[in-house]
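Trainee: Build me a model from this:
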Amino acid sequence: MKLTILMASGAALALTACGGSGAESDNMTAADNLAMADDMAMNDMAPADGAVPASGQEYAAMAAASDLYEIESARLAMERSENADIDALAQMIVTDHEKATADLMTAAQQAQPPITVTPEMSAEQQANMEALRAAEAATFDQTYLMQQIAAHQKALAMVQGYAQSGDVPELQQHATAVAGPIQQHLNRARELSQQAPQ
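Mentor: Numbering: from 1, shown residues only. Purely as a prediction, here's the structure:
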């Protein structure tokens, strides 16, 4: 399912980045793209699809990967975007996710037994980074925002699920603490996406 969603996301992003060539793509607006990203992310958020980690080790791996992707994509946005609001969002994401990673490392070491945290992006996150690097200047901001909305929806579902049903108290506390900033990033990315030129 993730591969299907990734392929659909890539196709949608490619059409958006290229400006499309058919009547359908000419009629696609930023709001349509946002709705598509929301639908794709919602399809991938159900616990049956693995959104809620089954163990502390899995939570640590997923949270570290999410943080790494958010930090790297935000740094790229700060380099490429010419929109001051997107730059501010990206800076907030870097700051908050660097703190989240440091806090995750601390919580993982306090767990009994300690949990190893090795940040590594998933294949989907790596593909998103490639799509973001390849985005044309005219579509970069919207591509970045669409990715942030989908990624933050997934991250929020993951941390909320683990906070409620996790097996490592130190990591449950971490999940509870990071849910607020993740929700803030998601809200701001949605606001900016709706403000984008149609």
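
Trainee: separation between His97 and Leu132?
Mentor: 16 Å (CB to CB, to the nearest Å). Heads up, the C-betas are built off the backbone N, CA and C, glycines and all.

Trainee: who has more neighbours, the two?
Mentor: His97 (26 against 20; other CB atoms under 10 Å).

Trainee: check contacts around that one.
Mentor: Ser66, Asp67, Glu70, Ile71, Ala74 (CB atoms under 8 Å, 6 or more residues apart in numbering).

Trainee: Mind putting those into JSON lines with secondary structure and neighbour count?
Mentor: Formatted as JSON lines, these follow (DSSP: H, G, I helix; E, B strand; the rest coil; neighbours: other CB atoms under 10 Å):
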{"residue": "Ser66", "secondary structure": "helix", "neighbour count": "26"}
{"residue": "Asp67", "secondary structure": "helix", "neighbour count": "25"}
{"residue": "Glu70", "secondary structure": "helix", "neighbour count": "26"}
{"residue": "Ile71", "secondary structure": "helix", "neighbour count": "20"}
{"residue": "Ala74", "secondary structure": "helix", "neighbour count": "26"}
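
Trainee: Nearest to Ser122 among the residues you listed?
Mentor: Ser66 (8.9 Å; CB to CB).

Trainee: is it true that that closest one touches Gln153?
Mentor: No: when contacts are counted by CB atoms under 8 Å, Ser66 is not listed as touching Gln153 (11.3 Å).

Trainee: Which residues are in contact with each of these two?
Mentor: Joint contacts of Ser66 and Gln153 (CB under 8 Å, 6+ apart) do not exist.

Trainee: circling back to that earlier point, how about the contacts of His97, which pair is most distant?
Mentor: Ser66 and Ala74 (12.2 Å).

Trainee: so where's the longest helix in the protein?
Mentor: The single longest helix within the chain, with elements called by DSSP state H, is helix 137-165.

Trainee: Distance of Asp85 relative to Val159?
Mentor: From Asp85 to Val159 the distance is 25 Å (CB to CB).

Trainee: Point out where this protein drops to low pLDDT.
Mentor: By pLDDT under 70, the low-scoring segments of the chain are 1-50, 196-198.

Trainee: And the helices in it?
Mentor: Going by DSSP H, the chain shows helices at 2-18, 23-26, 30-43, 56-80, 84-110, 123-134, 137-165, 169-195.
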